[in-house]
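# have a look at this prediction, sequence included:
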Amino acid sequence: MTADEYFSGKTANPILKSLRGGFQPSEKKEFVSTAPVPSSPQINRGTSFFGSSSTARPSTVNNDGQILALQKQVAELQVALESKDAIINQLRNEINQLKSQDNSGESEKLAEAYRLLDEQRALVASAQEQVMIAQQAAKDAQQHASVAVQAAAEVVKSQEVLNSSRSQEALQIQGQGSNEQINDDQEN
């Protein structure tokens, strides 16, 4: 995947390589930039920033300081890179020496260790996937439980309102029945 593809939002899974046979450096690819080359700004030496004619020239002191700082940083990086290259070469030599030595079955043990390591990595990846699935399921279950609790609360509230209105109706009916009985008693 190129940098342009990455910055445009494309994603991809990592490319996994087995180190069972040892590290094998890949071919170096030539870097080709697709970025536009910035053009140097045109400076009219006869005018100032505000457009009036002036004998003042743009200051290059700040630019020179930045250039010197960048050159110093590049030199430091080159020294660090040379140091890292030396370490890499030393490690390659050590690996080649280990490969060339037959330490009575050490290479077979190493191959078995790599196989076991690959199996463990696969198990870990599977376990991580299962954990993610379980976490999502727990999150979904929690949301469903929350909705169910809210629905149950609404049902209880509706039941209470219904019971309250029934009680009021019963009291009204009972009150009307008592009034009718009192009226009947008064008439007799």
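Here it is on my side, so go on.
# quick one: secondary structure of Glu30?
Recorded secondary structure, Glu30: coil (DSSP: H, G, I helix; E, B strand; the rest coil).
# one more: Ser146?
helix.
# ok, now how distant is it from Thr11?
32 Å (CB to CB, to the nearest Å). No exception for glycine: its C-beta is placed from N, CA and C like everyone else's.
# more neighbours: which of these two?
Using other CB atoms under 10 Å, the more surrounded residue of Ser146 and Thr11 is Ser146, with 10 against 7.
# Met132 versus that one, what's the distance?
In this view, Ser146 and Met132 are 21 Å apart by CB to CB.
# ok, Ala35 next?
To Met132, Ala35 is 37 Å away according to CB to CB.
# just want to know which of the two has more residues nearby.
Met132 (10 against 7).
# now the more buried one, what's its secondary structure?
Applying three-state DSSP: Met132 is helix.
# tell me the confidence at it?
Met132 is assigned 83 on the pLDDT scale.
# next, Phe23: phi, psi?
Per-residue torsions, Phe23: phi -70, psi 130 (degrees, to the nearest 10).
# now do Pro25
Dihedral angles phi and psi of Pro25 (degrees, to the nearest 10) take the values phi -70, psi 140.
# tell me which element Leu116 falls in.
helix 106-187 (DSSP states H and E).
# report the angle between the helix or strand harbouring Ala75 and helix 106-187.
Assignment of secondary structure by DSSP H and E places Ala75 within helix 61-100. Orientation check (axes from the mean of the first three to the mean of the last three CA atoms, to 10 degrees): helix 61-100 against helix 106-187 gives 110 degrees.
# quick one: average confidence on helix 61-100?
Rounded mean pLDDT across helix 61-100 is 80.
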